[in-house]
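> below is the sequence, then the predicted model.
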Amino acid sequence: MYPSELGFMMPAEWERHRQTFMEWPLKEAEWPGPFQEILSGFTNIAKKIAAFEQVTVITSPASTKEAAVYLYDTPTPNPIQLLEIEHNDSWIRDNGPTFVVNPQKEIAGINWKFNAWGGKYRFTEDDQVAPELLAHLKIPKFDAPLVLEGGSIHVDGDGTLLTTEECLLNQNRNPHLSKTEIEELLQGYLGIQKVIWLPRGLYGDDTDGHIDNVACFARPGVVIMQDCSDPRDPNYPIACENRRILESATDARGRKLEVIRIEQPPPIEYNGTRLILSYLNFSFVNCGLILPVFGRTLRTKDPSLPRDLRKETLKTDAVAEMTLKQIFPQRLVATVDGLQVARGGGNVHCLTQQMPAP
């Protein structure tokens, strides 16, 4: 029996949270760059979230003491909790459970199959994070026969789901399933009625185009998308196509979508590789949202970087922050430096998984 047949559905991320889960970074995951900078960047994000709601950071037994040193050096309004579960990497949005609720306010978790983004990495422990966390929480678990990462889906809480064909229809995920069969599984496990498919995610995204970098719902009927205005940029045709589809789409209730565009940050490289940067990789928290920005720590004296890159990035940072404040006037938009953690391929949304309040 599907969870939806028992009344369960995935709530919108802006609904009230009980807490947010994160996973402590491990050096074995081969993060690019000085590892201490990764730990500091992660810590800053965790503490920023803990100013709004409870945060539980999952640690491996070998990393618990290290995590405590960083996370407990200064107090937070909501003391951060540590929970030991073996894992390989920090992207709990993708390897953790998706929480669903029913009309009786009961919470359950969907345990998707996780194959490390199409078998790109040998992460065997990550596939067990979701069931072990749900067992610790003592809440019901639904095992879904679908390889899926949480960063590949976004819902409006009113029957509509956003995703990309590049990811969910990729042959490295579920080659035995058709598009219709995948839609049926999403409907059965998440309680949605309609899927809006975008063709592709950001250029170079090794998650195979996760939706949480290109588009998300602000509320039912309203979508925010990351835009690209530079025809020379490989993200330009992707953004144009995504915008055309969204502007012509209707949601599960028949509403024509309002599309709000936020210009992408300028291209920034690290060790010769373009970073995957998105202002939409923010995380909703109770009464606020945590927005990654990218211009604060750009090294202006680095000869490999364009001369005006920091200035241009600070400008797009400011526009993104202002736009989100206008979209969410009742929320506090709190910014964090997202440049360090972006070296690993993701950002704030990828590093977090919210548990809804009952």
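Looks like it arrived, so ask away. Predicted model only: the values in this text are computed from it and were never measured.
> buried sites along the longest helix along the chain?
Counting residues, the longest helix found in the chain (DSSP state H) is helix 309-327. Taking 16 or more other Cβ atoms under 10 Å as the neighbour-count basis, helix 309-327 is seen to contain the buried residues 309-310, 312-314, 316-317, 320-321, 323-324, 327. Using the backbone N, CA and C atoms, a C-beta is placed for each residue, glycine as well.
> let's have those in a markdown table, adding pLDDT and distance to residue 69.
Shown next, in a markdown table, are the buried residues of helix 309-327 (pLDDT from 0 to 100; distance: Cβ to Cβ, whole Å):
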| residue | pLDDT | distance to residue 69 |
| --- | --- | --- |
| 309 | 93 | 34 |
| 310 | 92 | 31 |
| 312 | 95 | 36 |
| 313 | 96 | 31 |
| 314 | 96 | 32 |
| 316 | 98 | 34 |
| 317 | 98 | 30 |
| 320 | 98 | 33 |
| 321 | 98 | 31 |
| 323 | 98 | 37 |
| 324 | 98 | 33 |
| 327 | 98 | 37 |
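> JSON lines please, covering those and showing distance to residue 212.
Converted to JSON lines, the buried residues of helix 309-327 look like this (distance: Cβ to Cβ, whole Å):
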{"residue": "309", "distance to residue 212": "25"}
{"residue": "310", "distance to residue 212": "26"}
{"residue": "312", "distance to residue 212": "24"}
{"residue": "313", "distance to residue 212": "20"}
{"residue": "314", "distance to residue 212": "24"}
{"residue": "316", "distance to residue 212": "18"}
{"residue": "317", "distance to residue 212": "19"}
{"residue": "320", "distance to residue 212": "15"}
{"residue": "321", "distance to residue 212": "18"}
{"residue": "323", "distance to residue 212": "17"}
{"residue": "324", "distance to residue 212": "15"}
{"residue": "327", "distance to residue 212": "17"}
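> nearest to residue 8, out of these: which one, please.
Of all the buried residues of helix 309-327, residue 8 sits closest to residue 327, with 28.5 Å by Cβ to Cβ.
> mind listing the helices for the protein?
For the chain, applying DSSP H gives helices covering 35-50, 64-71, 92-95, 116-119, 129-137, 165-168, 179-190, 235-248, 309-327.
> got a markdown table for the ones you listed, with distance to residue 262 too?
Formatted as a markdown table, the helices of the chain follow (distance: least, Cβ to Cβ, whole Å):
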| stretch | distance to residue 262 |
| --- | --- |
| helix 35-50 | 20 |
| helix 64-71 | 31 |
| helix 92-95 | 20 |
| helix 116-119 | 25 |
| helix 129-137 | 31 |
| helix 165-168 | 20 |
| helix 179-190 | 26 |
| helix 235-248 | 11 |
| helix 309-327 | 5 |
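> comparing those helices, which comes out most buried?
Neighbour counts (mean count of other Cβ atoms under 10 Å) averaged over each of the helices of the chain peak at helix 92-95, with a mean of 26.
> chain center to that one: distance?
8 Å (Cα atoms, centre = their mean, to the nearest Å).
> i'd like the first residue to be 34 from this point on
Got it, first residue is 34 now, which makes that one helix 125-128.
> next, the distance between the ends of stretch 364-378.
The first and last residues of stretch 364-378 sit 27 Å apart, counting by Cα to Cα, to the nearest Å.
> mean confidence (pLDDT) on that stretch, please.
Taken as a whole, stretch 364-378 carries a mean pLDDT of 97.
> which residues touch the nearest residue to residue 119 once chain neighbours are set aside?
Computed as Cβ to Cβ, 6 or more residues apart in numbering, the closest residue to residue 119 that is not its neighbour in sequence is residue 158, at 4.7 Å. Residue 158 is in contact with 119-121, counting by Cβ atoms under 8 Å, 6 or more residues apart in numbering.
> what about these, which one has the most neighbours?
residue 120 (26 neighbours; other Cβ atoms under 10 Å).
> quick one: contacts for the closest residue to residue 267 other than its chain neighbours?
Spatial nearest neighbour of residue 267, excluding adjacent residues (Cβ to Cβ, 6+ apart): residue 236 at 4.0 Å. Counting by Cβ under 8 Å, 6+ apart, residue 236 makes contact with 266-268, 271, 307.
> now residue 236: how far from residue 325?
Per Cβ to Cβ, to the nearest Å, residue 236 is found 18 Å from residue 325.
> and residue 137, by the same measure?
Applying Cβ to Cβ, the value for residue 137 to residue 325 is 36 Å.
> for residue 233, same thing?
The value you get for residue 233 to residue 325, if Cβ to Cβ is used, is 21 Å.
> neighbour count: those two, which is higher?
Set side by side, residue 233 and residue 325 show more neighbours around residue 325, with 28 against 19, by other Cβ under 10 Å.
> hey, what's that one bridged with?
residue 369 (DSSP bridges).
> quickly note the distance from it to residue 185.
Noted for residue 325: a distance of 19 Å to residue 185, by Cβ to Cβ.
> contacting residues for residue 228?
By Cβ under 8 Å, 6+ apart, the contact set of residue 228 is 193-196, 216, 219.
> let's see it at 6 Å
When contacts are counted by Cβ atoms under 6 Å, 6 or more residues apart in numbering, residue 228 touches 194, 216.
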